[in-house]
Structure formats: structure tokens, C-alpha cells
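**Student:** Sequence first, then the predicted structure, then my questions.
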Amino acid sequence: MFDSSSLFKTIFASLRVPYTGLIIFLGFIGGILFNIFTKNDTFLTITTSSPDLLVGIFLPALVFESVYRTEYHAFMKSLYSILLFSIVGYFISLFSISTLNKYLFLFQQWTFLQCLILGIILSPTRPITLMCQADYGKTKRLSIILEGEAVINNSLAIILFNAIKNLVINNQSWHTIKFFKTTAIAIIGGIGFGGIAGILEIICLPYFYDDPISEVTITTAIPYMLYWLCEQVYSSGIIAIVVLGLILSNHKTAISSEAASFMEKFWDMLALIGNTIIYLLAALVFKYIHSI
């Protein structure tokens, strides 16, 4: 996987073709081939794997890498635009899709909550589109707005999905106060835990100055620990990692120059491998299931 990720990235870059788009395409081809030539239950194990497990493995690293490499001051300068698109734009898209599905596209047999879940899934910024645009070298400010919007509205989507999914599964009625309370706890808790973790990390990192291995280990372990902790106390792990990444991005001097260079390459490699596995696996599983 390490070798193939680097090889594919190099080949696709020379062809001026978006890396993630072709990985999805290769995944579809692989799914067809596995269905034709493979008669074992390998893919049955993959398709029945817990989505929470896959999210817990890949999401913390990918979100942290994306936020950490963002320039803090440029992000804050574009914060108004990011929040406008990621929150206001997201809710406009969410309710438009849900309403159209309920009353126009013959989903009358669905409850509005079920249509709302579909809207939550379809409304966030598509990661593939975002990364394909990034591959073609958009302007710096536009790239920051796109990445910030993608991270925030995907965080919001996960919070809303979990809250409404429980109502649908348990066949519960809508309670506005309870819904907003749950959402507020997740957001505020994520911001709080992320802020505390970020402050503690920039306090601890100077004790490991000029020790690249220790510094990279700390910056890798804390996002995962933070995500796990937040999910246990009904807070948003993604928002916590976003806050953590922004704090570290604003205090990069807490990391030694030697470690910073090593860390940048390490996170680039981790993001490349993570994106390759996620997109390839998603396409493989999707095509394999629909070929059965």
C-alpha cells in the first residue's frame, strides 16, 4: 500500500489527472474483478466492518493533517466566508434536499426525519471534489475556504446525523429542545476539549524540543486520544481535532525546526496513505456489493 500510493500519486501527477478521482475509478474496476475472479468471503468481512471503526482509524489523522497545514492567520481572515458557506449554505442545502425528497421526488412513504437524514448525507462538501480542485492548484484563499468549509460542514453533518439517526432507529418523535441541547453539547464540548488539549500540547512540546521522534509521536497520539475521549462523552471529536489543529498551527514555534520538517513529511505521507485506502476501499466495497 505504501509503494502503490506513492507510485499512483507520481503517475497521476505527471498525467495531470486528479489522484482521488482515479483512485475511485480503480476501486470500481477492482470491485468488478474481485466479483468475477474471487469466490471467497474476503469482501464479506470488509463490507460488514463497523463504519465507526473505519472512521476512528482514518478520520482523526486526515482532519488534523488538513487543519494543521492550514495557515492560522489566513484561516481566521477567511473565517467569515468559511462559516457562511459551511453553516448557512449547509442548512439551505440540507432543508432544500429534504423538502424536495419528501414532496417532489416520490419519497412520500418516508418520514420527514428520514428525508432529513438523506439531506444530511448529501449536503456536505464532497471530499473528492475538494481534493480534485486542490490538485489543480486553485488560489490560496480559495483553497483555505474550501478546506475550512469541508471540515466544518462535515463535522456538523456527523453531529446532526448521529442525533437524528437515534430518533429514527428508536422510532422517537421530534423534540426540538432535546435536539438543540444534544447538538450544543457536542459542539461546545468539542471546542472545549480541543482547546484544552491544544494548550496542554503546546505546553508539553518544548520539553521534547529537538527530539523529532517524540514530537511526532505526541502530535500523532493526541488527536486519536482526543477523538476517542470526545466520542465517549457525547462531544464532537472532529470539532475538537479542528480546534487542536488550529492551536498548533498558530504555535508552530513550539515544535523544533528539525521536527517540523520531519513532521510535515510524515503527515503528508499519512494523509496520502489514508486517502488512498479510504477512496479505494469505498469504491471497491460499493462496486462489489452492487455486483452481487
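**Tutor:** Everything's here; your move. Residues are numbered from 1 along each chain as shown.
**Student:** tell me the contacts of residue 189?
**Tutor:** Shown in contact with residue 189 (CB atoms under 8 Å, 6 or more residues apart in numbering): 230, 233-236, 240. For the C-beta atoms, the positions are set from N, CA and C on the backbone; glycine is no exception.
**Student:** Kindly provide the distance from residue 248 to residue 281.
**Tutor:** Here the criterion is CB to CB, to the nearest Å. By it, residue 248 lies 29 Å from residue 281.
**Student:** These two: who's more crowded?
**Tutor:** residue 248 (23 against 17; other CB atoms under 10 Å).
**Student:** Quick check: the more buried one vs residue 65, distance?
**Tutor:** Distance from residue 248 to residue 65, by CB to CB: 11 Å.
**Student:** Helix or strand with the lowest mean pLDDT in the chain?
**Tutor:** Across the helices and strands of the chain, mean pLDDT, DSSP states H and E gives its lowest value to helix 127-135, namely a mean of 52.
**Student:** tell me what the helix or strand following that one is packed against?
**Tutor:** Downstream of helix 127-135, the next assigned helix or strand under DSSP states H and E is helix 140-169. Counting contacts by 3 or more CB pairs under 8 Å, 6 or more residues apart in numbering; DSSP states H and E, helix 140-169 is packed against helix 51-68, helix 72-77, helix 79-83, helix 90-103, helix 112-122, helix 127-135, helix 176-204, helix 237-250.
**Student:** Quick one: residues in contact with the third one.
**Tutor:** Residues from elsewhere that reach helix 79-83, judged by CB under 8 Å, 6+ apart: 75, 144-145, 148-149, 152.
**Student:** What subset of the contacts of residue 189 is buried?
**Tutor:** 230, 235-236, 240 (16 or more other CB atoms under 10 Å).
**Student:** Using CSV, lay out those together with distance to residue 27.
**Tutor:** Below are those laid out as CSV (distance: CB to CB, whole Å):
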residue, distance to residue 27
230, 30
235, 33
236, 29
240, 30
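**Student:** Pick out whichever of these sits closest to residue 257.
**Tutor:** Proximity of the buried ones among the contacts of residue 189 to residue 257 (CB to CB) peaks at residue 240, which lies at 27.6 Å.
**Student:** Quick one, grab the pLDDT at the closest residue to that closest one other than its chain neighbours.
**Tutor:** With CB to CB, 6 or more residues apart in numbering as the criterion, residue 240 has its nearest non-adjacent residue at 3.6 Å, and that residue is residue 194. pLDDT, residue 194: 95.
**Student:** cool, and residue 48?
**Tutor:** Residue 48 carries a pLDDT score of 62 in this model.
**Student:** low pLDDT regions in the protein?
**Tutor:** In the predicted model, the chain carries pLDDT under 70 at residues 1-21, 31, 34-49, 105-108, 125-139, 172-173, 285-292.
**Student:** try 50 this time
**Tutor:** The model of the chain has pLDDT under 50 over residues 128.
**Student:** Show me how it divides into domains.
**Tutor:** 1-70+175-292, 74-174 (automatic domain parsing).
**Student:** Surely residue 239 is in contact with residue 154?
**Tutor:** No. Here residue 239 does not reach residue 154: they are 10.4 Å apart, not a contact under CB atoms under 8 Å.
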